[in-house]
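J.: The following block contains a protein sequence and its predicted model.
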Amino acid sequence: MDMSLRKADSARLYGSVRHGKGVIIAQGTIIRSVGDSVRFGNRNMVLENSVLIGTPETPLSVGSGTIFGHRCIAIGASIGDLCEIGNSTIFLPGCRVGKMCIFGEGTIIPPGAVIPDESVVVGRPGRVIRKLTPEDRAMIARMRGGNIDVGSTEENQLEFPPEGEHMSGKLYPHGGKTPRVDATAVVYDTAEITGDVIIGKHSIVGAGVRIIGDSHGPVIIGDHVLILENSVLHLLPDNRLVIEDYVTIGPGCMIHGTTIGKGSIIESGAIVCDYSVLGENTLVTSGTLVKQRSTFTDNQILEGFPAKVVGENDQPLARPPWALK
């Protein structure tokens, strides 16, 4: 591997990634580049269990000296130099971020949003609360060892093997039950599935996913379901987790003991809690929280913390470009 990029053993990179000097990818982080669509500058850090995705429709570009906190998600964003990104921040497709911006933990930057240089941003959705102060600039420099000279980027390119060469996820028995995965399903190598779990035909379980059917269960996953990077599926005792056919669960989600109707899309970083029911063709937007025992009918668009109905789907949902193919 090119030593200008350091990757932890448990991190995974898929596709073609272009990068400068001194890029660090921490444990459990997943970077997926579809069609040569991810670029880093110099001296970036992407901390544990983050997920970064670029596609031809929405490439991902990260300037130099930018640091992502733990469990961040960035899909198809343009992020400038020397940004300080708090834990669990989410950047959505088409957003553009200037240089030397600071993001509070849990901030969500909506699709297409534009954040000016030297902004301090918080909220869901994110809003600019002020410009940088001298103290903020000193903090940015201190977090980088006093070096905020981004320099020029001498680009390197890494080509990682096709995704099909990474399919050997771990299946663990528990309580006398072993996961049952259809022969046509795909489980990425860093995914782990435990206990009373059934996965149907042509479904895909992405890198870093955890599906846990231990003393509770069962967990029933239908056909043609996509469960994307670093999501976690679990449930409380005396409950079931049922994901019907053609559902898409985005990266970094927490799905707990619910029923999700056919053709639904759960976007990145969403949380769906126990004993809830989502109808068919439901869209749960990024970062939304579906509370325990919530029930929503077919074709609803859900947003907020907690979730509320903000619209209705009048057509079957199409899988987004960031979904695994």
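T.: Ah, there it is. These figures come from a predicted structure and were not determined experimentally. Residues are numbered from 1 along each chain as shown.
J.: And I30, how far from Y188?
T.: 9 Å (Cβ to Cβ, to the nearest Å). For the C-beta atoms, the positions are set from N, CA and C on the backbone; glycine is no exception.
J.: which of the two has more neighbours?
T.: Ranked by neighbour count (other Cβ atoms under 10 Å), I30 and Y188 place I30 first, with 28 against 23.
J.: Could you list everything the closest residue to G15 other than its chain neighbours pairs with in the sheet?
T.: Excluding the flanking residues, the one nearest G15 by Cβ to Cβ, 6 or more residues apart in numbering is S33, at 3.4 Å. The partner list for S33 in beta bridges (DSSP bridges) reads G15, G54.
J.: list the residues that contact both of I30 and Y188?
T.: Common contacts of I30 and Y188 (Cβ atoms under 8 Å, 6 or more residues apart in numbering): R12, G206, A207, G208.
J.: how about the residue most central in space within the chain, what does it touch?
T.: Residue closest to the mean C-alpha point of the chain, counted by Cα atoms, centre = their mean, is P251 at 3.1 Å. The contact partners of P251, by Cβ under 8 Å, 6+ apart, come to 30, 51, 53, 73, 75, 206, 228-231, 268-269, 322.
J.: at 6 Å what do you get?
T.: Contacts for P251 were tallied using Cβ atoms under 6 Å, 6 or more residues apart in numbering; they are V51, I73, L228, E229, N230, S268.
J.: Which of those residues fall within strands?
T.: Those of the contacts of P251 mapping onto strands are V51, I73, per DSSP state E.
J.: I'd say A26 and E48 touch.
T.: Yes. Counting by Cβ atoms under 6 Å, E48 is a contact partner of A26 at 4.7 Å.
J.: Can you tell me how far the nearest residue to G112 once chain neighbours are set aside is from Y275?
T.: The spatial neighbour of G112 that comes closest, neighbours along the chain excluded (Cβ to Cβ, 6+ apart), is G94 at 4.5 Å. Look at G94 and Y275: by Cβ to Cβ, they are 35 Å apart.
J.: quick one on the thing from earlier: farthest pair in the shared contacts of I30 and Y188?
T.: Maximum pairwise distance in these, criterion Cβ to Cβ, is 9.5 Å, between R12 and G206.
J.: So between the two, which is more surrounded?
T.: Between R12 and G206, G206 has the larger neighbour count (other Cβ under 10 Å), namely 28 against 24.
J.: Below-threshold pLDDT in the stretch 101-250 of the chain: ranges please.
T.: 161-167, 215 (pLDDT under 70).
J.: Look at the residue nearest to G112 and say how many residues are nearby.
T.: 17.
J.: Check I212 too.
T.: I212 - counted by other Cβ under 10 Å - has 22 other residues nearby.
J.: picking that back up, between the shared contacts of I30 and Y188, which is nearest I102?
T.: Looking across the shared contacts of I30 and Y188 and measuring by Cβ to Cβ, the closest to I102 is G208, at 27.1 Å.
J.: List the residues that contact the closest one.
T.: G28, I30, T190, E229, N230.
J.: same thing but at 8 Å, please
T.: Counted by Cβ under 8 Å, 6+ apart, G208 has contacts R12, G28, I30, N49, V51, Y188, T190, A191, E229, N230.
J.: List phi and psi for R137.
T.: phi -60, psi -40 (degrees, to the nearest 10).
J.: isn't it right up against M100?
T.: Yes. Counting by Cβ atoms under 8 Å, R137 does reach M100; the two are 7.3 Å apart.
J.: what helices or strands is the host helix or strand of L171 leaning on?
T.: Counting by DSSP states H and E, the element that carries L171 is strand 170-172. With contacts defined as 3 or more Cβ pairs under 8 Å, 6 or more residues apart in numbering; DSSP states H and E, strand 170-172 has these neighbours: strand 192-195.
J.: packing partners for the strand it packs on?
T.: Short answer (3+ Cβ pairs under 8 Å, 6+ apart): strand 192-195 packs on strand 170-172, strand 210-213.
J.: CSV for these, including distance to A8?
T.: Shown next, in CSV, are these (distance: least, Cβ to Cβ, whole Å):
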stretch, distance to A8
strand 170-172, 18
strand 210-213, 18
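J.: Please identify the deepest-packed of those strands.
T.: strand 210-213 (a mean of 22; mean count of other Cβ atoms under 10 Å).
J.: neighbouring contacts of it?
T.: Contacts for strand 210-213 (Cβ under 8 Å, 6+ apart): 174, 177, 179, 191-197, 199, 205, 219, 221, 227, 231-235, 241.
J.: sorry, back to before: pull up the overlap in contacts between R12 and G206.
T.: Joint contacts of R12 and G206 (Cβ under 8 Å, 6+ apart) are I30, Y188.
J.: Sounds good, over and out.
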